[in-house]
Structure formats: structure tokens, C-alpha cells
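Participant: got a structure for you, letters missing:
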DNA sequence: CGAGCAGTTAGACGATGTCCAGAACGCGAC
DNA sequence: GTCGCGTTCTGGACATCGTCTAACTGCTCG
């Protein structure tokens, strides 16, 4: 897809650095941390600075292009999937997997009193099936 | 309750520092970060060091006395409630509230293929009802 | 040309969390 | 008691994450 067009549609000036970040982060499935985005983008655009990557990621989040997730220890990760969905954390590798919204259902959320729920998701932890554990 | 007895039941030597940490962290409802635990405990035992608090909290987690949660930005917090339950993050204050396990139900978790789910919970974000927003 | 503005840059900074070497402690043996 | 040994505690160094600032670049408009 055309990163430049996407940025413009969201009211973001498409500078060279922003396009470079978008080209990677809007396509990836690896739920990268900010510093991982930095190193990935640096591989193609070596002169980009760390501050720019952080600024750009925060800008993308505020414009709704990305979601920031705080699921596992150490660091926020970014998810280009901004639709509602759930998450599964692989306890062995730390990898995060998206789980489609309609794969599981949550009931009685509306019955909670005292709070106005703006958003919710199921967070699961587990391991790949068939992986052997040490005896 | 008797912190000394609880520590012993979990196979932890009850040193003065560990008891001091336990006295606070096993009773609290405020979901403290490690550094908050440090300052709370220092108020009663001023000579305790930061490293000891971190070591003690990690020890308690590995022994099943506490759960470490990574829900909101910045820092892991600790929860003495080790029963299954859900969490609600107040988006205005950042406060975390425990939600009883049977208040909401999650269906079809078992139907997920490819993974062995060890644990899951619903994470909600919202605000206290009746709180006015700026117009 | 040059003033102004948006974007970028490098590095300083504060906060979080881990690690290490040495000091202090507790406890049993003598 | 006191000796010796293993455990615990301590303070500081260290690495990482994320933010901030001040200076620099490059573009547009007059």
C-alpha cells in the first residue's frame, strides 16, 4: 500500500522519515517495540534518529494509525491493527499474536456498575501446542 | 494477618525486611509499583534498600504470594490477589481495580487452536461513572 | 534574500529494573 | 561465648526505556 497516501489521509505531513517508519510499522506483524522499529528502519534509512522514531510513533498513535499496547514486561509495543481484537502472549518467546474479535465472546460487561467502559479485550497467555517441555 | 506465618508457609525465611514488605504489600489494594512499595515500606523501616525491595517482590512473585501485572504504561505493579480475576484501568487516574472473576464471562476460549492457554483475563479501560468531561 | 515554521537531530535527563562485591546477619558447632 | 559458614542486605554501578531541549536543516512565502 501507499504509505504517503495513508499519512495524508490522516492529516500527517509525509516527510521522508515518517514514510520510512510507516513503510515498516504499518505492515509488520511482529508487534515491535519503539527501539525495534528504530533498528528496522535504520537498516533502510541509516541517518534517522531515535527521537524522530519515538516522535513519529507517538504521532501515529494520536492520529489513530497505530495502537500502543502494554501487555508484556519491558516496553510498549505497537500494533498496526487498530480494529478491536484480543491478544495472546506466547510465554516462551514473548511473541504477541492478534486474536480476531469474534473468536471469543465476553458477556455481562454492560452489567458492571460504577464505570463507563470505553474499551476492553481478552489477554491470554500460553504456549504453542505440541511444544515439548523439559521433563 | 500474620505475615511471618504466611512467609513460612510459602518456604520463605521471614527476615525483618521481608516481613516489613509483606506487611504492606499483602494487604494493599493500591496495586503499587516496586518503587511505591519501597517508599511505603521506608516510611516504617527507613533503612531498607531499594535492591532488597526489588529482590523481595520478585521472590514473592516466584513463590506465588503476589502477581506481577503489566497493564498500564510505565512500570509493573503488584497485586496480592492471586485468585483469577479481571482488571479495569481508570483512564483518568491510572488506578487499577480488581473485577471479580464471575462478573464477566469469556466464551469459546477452548475453541482456539494452535495454542495451549494457561491463563487469561479481561482488561477493561474506562472512567468512573458520573465524572464530568470538559465540554 | 531572509523571516518563519515544521521537522529532525544528538545528547542530556529521569525513571525503571538488574547486577555485583562487600558488609552484616543468623545460626549451629564447638 | 565465639568461631565459621551460608543467607540476606546494602549501596552503587550499570543497562534500558522514554521524554525533553536546544540547535540545525530545509522549505515556503513575502
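Facilitator: Received the coordinates, thanks. Quick caveat: nothing in here was measured; it's all calculated off a predicted structure.

Participant: switch to C-alpha atoms for all contacts and neighbour counts from now on
Facilitator: Will do.

Participant: show me where pLDDT drops low in chain A?
Facilitator: A:131-135 (pLDDT under 70).

Participant: centroid-nearest residue for it?
Facilitator: Chain A has residue A:79 as the residue nearest its centroid, 1.6 Å off, counting by CA atoms, centre = their mean.

Participant: anything in the longest helix anywhere in chain A near chain B?
Facilitator: Counting by DSSP state H, the longest helix found in chain A is helix A:50-62. No: applying CA under 8 Å from any CA of the partner chain, one finds helix A:50-62 out of contact with chain B, separated by at least 13.4 Å.

Participant: for stretch A:109-118, same thing?
Facilitator: Yes: against chain B, stretch A:109-118 shows contacts by CA under 8 Å from any CA at A:109, A:112, A:114, A:115, A:116, A:117, A:118.

Participant: the host helix or strand of the fifth one to strand B:115-128, inter-axis angle?
Facilitator: Spelled out, it's residue A:116. Assigned by DSSP states H and E, residue A:116 falls within strand A:115-128. Computed by axes from the mean of the first three to the mean of the last three CA atoms, to 10 degrees, the angle separating strand A:115-128 from strand B:115-128 equals 160 degrees.

Participant: show residues contacting strand A:115-128.
Facilitator: A:71, A:84-92, B:114-129 (CA atoms under 8 Å, 6 or more residues apart in numbering or on different chains).

Participant: again, 7 Å this time
Facilitator: A:85-92, B:114-129 (CA atoms under 7 Å, 6 or more residues apart in numbering or on different chains).

Participant: would you mark the buried spots in that strand?
Facilitator: A:115, A:116, A:117, A:120, A:121, A:122, A:123, A:124, A:125, A:126, A:127 (16 or more other CA atoms under 10 Å in any protein chain shown).

Participant: indicate each strand paired with that strand and its parallel or antiparallel sense.
Facilitator: Sheet pairing for strand A:115-128, assigned by DSSP bridges, gives strand A:85-90 (parallel), strand B:115-128 (antiparallel).

Participant: picking that back up, wait, the residue nearest to the centre of chain A sits on residue A:66?
Facilitator: Yes: with contacts counted by CA atoms under 7 Å, residue A:79 reaches residue A:66, the gap being 5.7 Å.

Participant: identify the residues contacting stretch A:51-62?
Facilitator: A:18, A:34, A:38, A:66, A:67, A:68.

Participant: quick one: the third one from chain B, how far?
Facilitator: I take that to be residue A:38. Distance, residue A:38 to chain B, using CA to the nearest CA, to the nearest Å: 20 Å.

Participant: and the fourth one, by the same measure?
Facilitator: Noted for residue A:66: a distance of 16 Å to chain B, by CA to the nearest CA.

Participant: next one: the last one
Facilitator: Using CA to the nearest CA, one gets 9 Å for the distance from residue A:68 to chain B.

Participant: separation between the residue of chain A found nearest DNA strand D and residue B:20?
Facilitator: Per CA to the nearest atom of the strand, residue A:75 is where chain A lies closest to DNA strand D, at 3.4 Å. Per CA to CA, to the nearest Å, residue A:75 is found 30 Å from residue B:20.

Participant: can you map out the helices along chain A?
Facilitator: Going by DSSP H, chain A shows helices at A:3-9, A:16-25, A:34-42, A:50-62.

Participant: want to throw these into TSV with distance to residue B:28 and mean neighbour count?
Facilitator: TSV is the format used below for the helices of chain A (distance: least, CA to CA, whole Å; neighbours: other CA atoms under 10 Å in any protein chain shown):
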stretch	distance to residue B:28	mean neighbour count
helix A:3-9	46	15
helix A:16-25	40	20
helix A:34-42	33	18
helix A:50-62	34	17
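
Participant: OK, contacts around the spatially closest residue to residue A:80 that is not a sequence neighbour?
Facilitator: Once flanking residues are discounted, residue A:80 sits nearest to residue A:66: 4.7 Å by CA to CA, 6 or more residues apart in numbering or on different chains. Applying CA under 7 Å, 6+ apart to residue A:66 gives the contacts A:60, A:78, A:79, A:80, A:81, A:82.
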